[in-house]
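Predicted structure and sequence below. I'll ask about it afterward.
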2 protein chains.
Amino acid sequence: MRVAVLAHEQFPDRAKTAVGVLRYADHDVVAVLDRETAGTTVGDHLPDLDSAVPVVESVAEAPDFDALIIGIAPIGGGFEDSWRPDVRAAIERGADVIAGLHYFLNDDEEFVALADEYGVELRDVRKPPDDLTVAEGVARELDVEVVLTVGTDCSTGKMTTTLELVEAAREAGFDAGFVPTGQTGIVIAGWGIPVDRTISDFTNGAVERMLKERADEHDYLFVEGQGAIVHPAYSAVTCGILHGAMPEHLVLCHEAGREAIHGYESFPIPDPGRVAELYCDVADPVAPTDLLGGALNTSGLGESAAEAALTDYGEAIGAPAVDPVRDGAGRLVEQL
Amino acid sequence: MRVAVLAHEQFPDRAKTAVGVLRYADHDVVAVLDRETAGTTVGDHLPDLDSAVPVVESVAEAPDFDALIIGIAPIGGGFEDSWRPDVRAAIERGADVIAGLHYFLNDDEEFVALADEYGVELRDVRKPPDDLTVAEGVARELDVEVVLTVGTDCSTGKMTTTLELVEAAREAGFDAGFVPTGQTGIVIAGWGIPVDRTISDFTNGAVERMLKERADEHDYLFVEGQGAIVHPAYSAVTCGILHGAMPEHLVLCHEAGREAIHGYESFPIPDPGRVAELYCDVADPVAPTDLLGGALNTSGLGESAAEAALTDYGEAIGAPAVDPVRDGAGRLVEQL
């Protein structure tokens, strides 16, 4: 699928979805839309991607594509009216539109009418299916080995780590699949259930359902975790994913230097070793698990400080630790 | 408020809501509707209630009332068409109708039109408010002491224990309030949020919101727990309530003799002492808590076996244990 990715005024630093699509999706990205950095290429901003994909001003300047992906999300998840001309133009060029916003394209009268007229699809990936149910408790019986990323907090790199694990596993010759649980991962993968938007009683069941759907296709499934078991607001989702996925192995994601829950600064993050133990303790009565290793986000550190932080982190959790963005996740996959 | 309670063919043994309303609600119950046991009184079935409330065949035989409560819930939470004449008759007598079903009265065209015509309200208490948000993490800062009931499984008596705790606390002279989190508790209390039906990201926030609303009115709040932290399907909700409520104290509810998760028999329930520890460990990084005591459902046992089971249970959890239905919850309240 050829895609254009909308990231106006936010590419690349505040365009997590756009960068994720560029880095990990199987899609062929033909252009990034950003009116602020138009005229550059993706490679100018993200040298590791070595990409000649152009950054253009609007849909009019983009080569042919099959779908427009909304690659940014403002705080609150709304739809910015300044994106409207591009969405309109994409539909008029016969392209589908894919978004993970709180605001649903399918609730927008203009877009619905236009999509109908041009026979294209509006895909709101933040909307869970209507027919979710409670978990049956069968994930452990599936013929697949499951690895779940968990965190000491939100935004510690769980999605990136999961995608790097899949990449490293494939490079090592494993048949590995990615199970996305959040809107960015779903946009990248092109399928999935946004587990944080399900009815709370169906949280565990939503994850189990995804595993049941994909277990037959792969030998390993890498499940993207959400939130943290020590998070005052998001722990319900975390716990539901842990028990719904029944992973054989965990990878604990942490950001170097982060000492308190982001946005909830009065809640200190316990020692990562203690957090890892707690995940294993909570999993144990439902389906015992072990810690495969740790993933540390060291993007704020220089090379030698990063190495020292990785050593400390590995000692704290008593397992191998990598920064998957700097080093890839190969060392963790070797543990399988 | 004068209420009639519909419990056709299921009163009292399979009519948990109806019995809860009779036992704990502040409402004045004028009649129970059960076409199978019509002609008896509530006291004939539940001697401890010592109640002369009549069991009648239909709304036509009931004395005046302000609201009809649907006091039963079939598996799946649907609406039985054989209840329709009573709901219709109640509306035509000018009464509101209160239900905690999955099927919403407000989605039923006949009832909506009739309620409109007679100026009465249809209250679907299983529908959470539309404006829930994520938790702010402030429950511990509220000027109220919070006690949460937790369980080794679903259906271990958390709601009953919570209501008995409130009763015992009031008898001991405390200003105590009940915070319901499930449809039965909400029907009994006349307010509340069904936490198992919220968007999963808002689970913790839904509980926190109820505490914020009621903290100023009471010195103690007793929060009804849901599910179990060791449950393969419902643990997300359990964890969200634990972190959203930030209780100072826990009461662990267990059914004597139950060894596996109900309906998930391949999942053994760990030793209750271990389950209590796990609740405290999970709570700790967000808001430390302690175990006030245990509540054991001994309804399946004779008196001496019940006493022995209570002794064992108290030893297992290392805290005072009562059967709140046999003995009330006074001994637990004494610990406060």
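Structure received.

thinking A:Leu103 is in contact with A:Gly78, fair?
One thing to correct before we go on: residue A:103 is Tyr, not Leu. Yes: using Cβ atoms under 8 Å, A:Tyr103 is in contact with A:Gly78, at 5.2 Å. Every residue, glycine included, has its C-beta placed from N, CA and C.

Tell me which helix or strand the residue in chain A sticking out farthest from the centre sits in.
Using Cα atoms, centre = their mean, the residue of chain A lying farthest from its centre is A:Glu117. It sits 32.7 Å away. Per DSSP states H and E: A:Glu117 is located in helix A:109-118.

Let me see the ranges of the helices in the stretch 51-200 of chain A.
Secondary structure of the stretch 51-200 of chain A (DSSP state H, counting those that start in this stretch): helices located at A:84-92, A:109-118, A:158-171, A:183-189.

need the residues of the stretch 1-150 of chain A near chain B, please.
A:134-137 (Cβ under 8 Å from any Cβ of the partner chain).

Of A:Tyr103 and A:Gly78, which one has the most company?
Shown here are A:Tyr103 and A:Gly78; by other Cβ atoms under 10 Å in any protein chain shown, A:Tyr103 has more neighbours (17 against 11).

For the more buried one, give me the pLDDT.
As summarised for this prediction, A:Tyr103 has a pLDDT of 89.

residues touching it, list them.
By Cβ atoms under 8 Å, 6 or more residues apart in numbering or on different chains, the contact list for A:Tyr103 reads A:77-79.

What residue spans form the domains of chain A?
Listed by automatic domain parsing, the domain ranges of chain A are A:2-124, A:139-333.

What is the burial count for the residue of the stretch 51-200 of chain A found nearest chain B?
Closest to chain B within the stretch 51-200 of chain A is A:Gly137: 3.5 Å, counting by Cβ to the nearest Cβ. Neighbourhood size, A:Gly137 [other Cβ under 10 Å]: 24.

per-residue pLDDT, it?
Predicted confidence (pLDDT) for A:Gly137: 97.

re the thing from before, ok, of the contacts of A:Tyr103, which one's closest to A:Leu242?
Nearest to A:Leu242 among the contacts of A:Tyr103, counting by Cβ to Cβ, is A:Gly77 at 25.1 Å.

Can you get me a residue count around the closest one?
The number of residues packed near A:Gly77 is 13, by other Cβ under 10 Å.

could you measure it against A:Pro194, distance?
Distance, A:Gly77 to A:Pro194, by Cβ to Cβ, to the nearest Å: 11 Å.

contacting residues for A:Ser82?
Contact analysis of A:Ser82 by Cβ under 8 Å, 6+ apart lists A:His8.

now swap in A:Lys127 and tell me
Residues in contact with A:Lys127 (Cβ under 8 Å, 6+ apart) are A:104, A:106, A:194, A:197.

For those residues, pick the one with the most neighbours.
A:Pro194 (23 neighbours).

I'd guessed that one sits against A:Asp124; true?
No: in this structure A:Pro194 lies outside contact range of A:Asp124 using Cβ under 8 Å: 9.7 Å.

Return every residue with contacts to both of those two.
Common neighbours of A:Pro194 and A:Asp124 (criterion: Cβ under 8 Å, 6+ apart): A:Gly100.

Which positions in the helix holding A:Glu117 come out as buried?
Residues of helix A:109-118 classed as buried by neighbour count (16 or more other Cβ atoms under 10 Å in any protein chain shown): A:111, A:114-115.

With stretch A:60-69 instead?
Neighbour-count burial for stretch A:60-69, with 16+ other Cβ under 10 Å as criterion, is recorded at A:62, A:65-69.
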